[in-house]
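**Student:** Just a sequence and a predicted model for now, questions to come.
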Amino acid sequence: MFLLTVIPISRGIRVTQLSYFCSTHIPSGSFVTIPLRNKSAKALVVKCSPAEEEKASIKNAGYALKKIVPKNIKTQFDEALISASQKVANHYATNLGGILFHTVPTAYYEAVFDSKKILPKKTRHFEQVVLQAPDADRFAQYKSIVREAFAQKDSVCVIAPTQHDVEKLYATLSRGIESYTYTLHGSLTKKQQKETAENAQKNEHPVLVIATPPFLSLPRGDIQTLILERESSRAYRSRSRPYITFSYFVEEYARKRNIHFIRADTLISLETFKTLDDFEPVVSSSLAFRPLTSAQCTTVDMEEERKKAVLINQPWSVLSNQLRTLIEKAHDESKQLFLFNAKRGLSPTTLCGDCGTIVSCTQCQKNVVLHKTSKGNIFLCHRCGEKRSAKEVCVNCESWNLKTYGVGTERIVEEIEQDYPNAHVFLLDSNSAPTYAKGKKIFESFKETPGGILVGTETAIHFITDPLPFIGVVSLDSFFAIPDFRINERIVSLITTLRTTATEQFLLQTREPDQSCISLGMRGSLLEFLREEYSLRKDFGYPPFTVPIRISVSGKKDSARKNIESIAEALSEYSPKTFPAFVQKKGVFTMHLILFVPEKEWVIASLSEYLQSLPQDILVTIDPETIL
């Protein structure tokens, strides 16, 4: 008889380890099925010892140990995965089981892997490379890296943030090596994930694996190069507990494996830029701080356009004269035009023209967006999904004088179709394309249409795999209203991506042409932007110089305030700030507490232990996407 110590792989349990009896010896690193809360769950074996050696601990346990029957035991992951996951668990003040829940796909538990192929083939030193370049240039370098790795009989793994990125990379990198290239992402069925993972490991030839972060744990020991594509993407942040940033996990895994690690993006993150500034062991490769483009770049001041329209008594249009000229040119030359816009719908903001009250969601109080449907206009909340007819009066003064402000994709399509009835216009945003297949179909129709016009949000950008002759930005000014200290990075990265994708003409409309991030982005002055943003973050004590920690308490108003004040008192040495949540749900009041810990002082053992001891209904987020 043996005593097993296991780590339950679950995001809903606070205990770190559990003990069970077992009739056979099970090696550490194996995955087993355990009874947990009247259900079955997966668990990682961390220790297995003869029961007679653990008599003292069994007697002192104070509870009866359950017995497990070993079935389909798999030893399939190397120590690097467990070690990296533990480092991530420490950083995000959570337990190892919760991290493994995110980082090991459930399909892997049923896969049959060859244990001989798990251990690394070579021993080498961790080497980090930073690559900043437009998509086409990055992908060309990836191809070269894969060729060199294959020549040395090594495999390569490219981690991308979304399925869109995985498919985009596959279309470019797999040419000529289709039988050695595998893609893994969450949209595949469990059966497809299992079969793909098994085939990728069985292939005797070196392979190229292109996957989203959870599939990094594919147990193939000859992977000697790990590429983190679009390393600054917000999509690397998990959307459920425990809240982690997968890019951090990917880097830690590369460190534990001692392999070649490449961080790559059109614009590297401030965290990566700080790594360069700190003179860490980094090899800088092709840092394109002024990416080139063959397109003619033009900025249109929409405030000046509005003033001109007022002077000549013309109605204001979301399409400037310069953009109209571009639309006509694309039509005359039968060339494609992509028009980017930050917001969906007809109009992102509606307010009362008499009292100024903003029309908001009845459930979460977020501003609703006006949308057009076959049954008439509706108000839609993009946060909680509430829908209601737009035929309503002001909730404050009961006035019918509701006015719309801002520009949405549907309004742009409506205006183009009205003024250019012969134009072929396609709409691609998360409303028109709720699934990847639907979005791909819309984009392919656009590409097959000479002179086609595609109107879309960031969703549409993921489908653009090849350069386009004409690109225009109708509006991105609404980004400036987002209370996020990272927003300037997002804007510059977006402008750089679009600017370098256009081959003939790139036009940007804005009411804020003097904003530093817009002017530097349009000039392609990435180094100047990074230095400027770096200095501001340092002065204000924002990441990457600190680690923000946000604690959220929800409930009745008085109770939430009392609980958050109690936590603030316990953490008084860190000078925490408390405030109500920026967006409140109906019937539930939420208070936030935010504190900033110097980057070099995190993780502090006592603080981490305190955060982990808080009740399950109190949400703790380390380095949240937004502090509000």
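**Tutor:** Perfect, I can see it now. Treat the numbers as computed from the prediction; the structure is a model and nothing was measured. Residues are numbered from 1 along each chain as shown.
**Student:** Run a quick neighbour tally on the nearest residue to Lys202 once chain neighbours are set aside.
**Tutor:** Using C-beta to C-beta, 6 or more residues apart in numbering and skipping the chain neighbours, the partner closest in space to Lys202 is Asp114 (7.1 Å). Yep, even glycine has a C-beta here, placed from its N, CA and C like the rest. The burial count assigned to Asp114 is 12, neighbours taken as other C-beta atoms under 10 Å.
**Student:** Please read off the pLDDT at Asp114 from the model.
**Tutor:** At Asp114, the predicted lDDT confidence score is 84.
**Student:** can you check Lys55 too?
**Tutor:** pLDDT for Lys55: 67.
**Student:** average model confidence for the helix or strand containing Arg138?
**Tutor:** Using DSSP states H and E, Arg138 maps to helix 135-151. pLDDT averaged over helix 135-151 equals 95, rounded to a whole number.
**Student:** what does stretch 525-544 give?
**Tutor:** If you average the pLDDT values across stretch 525-544, you get 95.
**Student:** Report the distance from it to the chain centre.
**Tutor:** In this view, stretch 525-544 has its centroid 21 Å away from the chain centroid, taken as C-alpha atoms, centre = their mean, to the nearest Å.
**Student:** list the buried ones in that stretch?
**Tutor:** For stretch 525-544, a neighbour-count test (16 or more other C-beta atoms under 10 Å) marks Ser525, Leu526, Phe529, Leu530, Glu533, Tyr534, Arg537, Tyr542, Pro543, Pro544 as buried.
**Student:** same check, this time on stretch 225-241
**Tutor:** In terms of neighbour count (16+ other C-beta under 10 Å), stretch 225-241 has its buried residues at 225-233, 235-238, 241.
**Student:** hang on, the earlier thing: what pairs with the very next helix or strand once past the helix holding Arg138, parallel or antiparallel?
**Tutor:** Sequence-wise, the next helix or strand downstream of helix 135-151 (DSSP H and E) is strand 155-159. Partner strands for strand 155-159, per DSSP bridges, with pairing direction: strand 208-211 (parallel), strand 223-228 (parallel).
**Student:** returning to what we had before: how near is the residue nearest to Lys202 to Ala264?
**Tutor:** Distance from Asp114 to Ala264, counting by C-beta to C-beta, to the nearest Å: 31 Å.
**Student:** if we can go back for a sec, quick one: the buried residues of stretch 225-241 as a markdown table, columns for distance to Thr212, pLDDT and secondary structure too.
**Tutor:** Written out in a markdown table, the entries for those read as follows (distance: C-beta to C-beta, whole Å; pLDDT from 0 to 100; DSSP: H, G, I helix; E, B strand; the rest coil):
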| residue | distance to Thr212 | pLDDT | secondary structure |
| --- | --- | --- | --- |
| Thr225 | 18 | 95 | strand |
| Leu226 | 14 | 97 | strand |
| Ile227 | 13 | 97 | strand |
| Leu228 | 12 | 98 | strand |
| Glu229 | 10 | 98 | coil |
| Arg230 | 11 | 97 | coil |
| Glu231 | 14 | 97 | coil |
| Ser232 | 16 | 95 | coil |
| Ser233 | 11 | 95 | coil |
| Ala235 | 9 | 94 | helix |
| Tyr236 | 9 | 96 | helix |
| Arg237 | 13 | 94 | strand |
| Ser238 | 11 | 92 | coil |
| Arg241 | 19 | 86 | coil |
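**Student:** would you turn those residues into CSV with distance to Ile564?
**Tutor:** As requested, these are exported to CSV (distance: C-beta to C-beta, whole Å):
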residue, distance to Ile564
Thr225, 46
Leu226, 40
Ile227, 42
Leu228, 36
Glu229, 39
Arg230, 36
Glu231, 34
Ser232, 31
Ser233, 32
Ala235, 30
Tyr236, 29
Arg237, 24
Ser238, 24
Arg241, 19
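**Student:** And the residues you listed, which two are furthest apart?
**Tutor:** Using C-beta to C-beta, the pair of the buried residues of stretch 225-241 lying farthest apart is Thr225 and Arg241, separated by 31.9 Å.
**Student:** Grab the most central residue of this structure for me.
**Tutor:** Ala235 (0.9 Å; C-alpha atoms, centre = their mean).
**Student:** circling back: okay, the strands paired with strand 155-159 in a markdown table with distance to Val455 next?
**Tutor:** Below are these laid out as a markdown table (distance: least, C-beta to C-beta, whole Å):
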| stretch | distance to Val455 |
| --- | --- |
| strand 208-211 | 29 |
| strand 223-228 | 31 |
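**Student:** These: which one's closest to Ala93?
**Tutor:** With C-beta to C-beta as the measure, strand 223-228 is the member of the strands paired with strand 155-159 nearest Ala93 (23.4 Å).
**Student:** what's in contact with the closest one?
**Tutor:** With C-beta atoms under 8 Å, 6 or more residues apart in numbering as the contact definition, strand 223-228 has outside contacts at 120-122, 124, 142, 145, 149, 152, 154-159, 209, 216, 247, 250-251, 253-254, 257, 259-264.
**Student:** how about 6 Å then?
**Tutor:** Applying C-beta atoms under 6 Å, 6 or more residues apart in numbering, the contact partners of strand 223-228 are 149, 154-159, 247, 250, 254, 259-263.
**Student:** what angle do the next helix or strand after it and strand 223-228 make?
**Tutor:** Of the helices and strands lying after strand 223-228 in sequence (DSSP H and E), the nearest is helix 246-257. Taking axes from the mean of the first three to the mean of the last three C-alpha atoms, to 10 degrees, one finds that helix 246-257 is oriented at 160 degrees with respect to strand 223-228.
**Student:** hang on, the earlier thing: can you dump the C-alpha atoms of the helix holding Arg138 in CSV for me?
**Tutor:** The C-alpha trace of helix 135-151 is given here as CSV (Å, rounded to 0.1, in the frame of the first residue of the first chain):
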residue,chain,number,x,y,z
ASP,A,135,4.2,41.1,-39.8
ALA,A,136,5.7,40.3,-43.1
ASP,A,137,9.3,40.8,-41.8
ARG,A,138,8.6,38.8,-38.7
PHE,A,139,7.1,35.9,-40.5
ALA,A,140,10.1,35.8,-42.9
GLN,A,141,12.4,35.5,-40.0
TYR,A,142,10.3,32.7,-38.5
LYS,A,143,10.6,30.8,-41.7
SER,A,144,14.4,31.1,-41.5
ILE,A,145,14.4,30.0,-37.9
VAL,A,146,12.3,26.9,-38.7
ARG,A,147,14.6,25.9,-41.6
GLU,A,148,17.7,26.2,-39.4
ALA,A,149,16.0,24.2,-36.6
PHE,A,150,14.9,21.4,-38.9
ALA,A,151,18.5,21.2,-40.3
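**Student:** Quick one: distance of it to the chain centre.
**Tutor:** Going by C-alpha atoms, centre = their mean, the spacing between the C-alpha centre of helix 135-151 and its chain's C-alpha centre is 24 Å.
**Student:** That helix: which residues count as buried?
**Tutor:** Under the neighbour-count criterion of 16+ other C-beta under 10 Å, helix 135-151 has Asp135, Asp137, Arg138, Phe139, Gln141, Tyr142, Lys143, Ile145, Val146, Ala149, Phe150 buried.
**Student:** would you list those residues in a markdown table and tack on distance to Ile453?
**Tutor:** Output for these, formatted as a markdown table (distance: C-beta to C-beta, whole Å):
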| residue | distance to Ile453 |
| --- | --- |
| Asp135 | 22 |
| Asp137 | 27 |
| Arg138 | 28 |
| Phe139 | 26 |
| Gln141 | 33 |
| Tyr142 | 31 |
| Lys143 | 32 |
| Ile145 | 37 |
| Val146 | 36 |
| Ala149 | 41 |
| Phe150 | 41 |
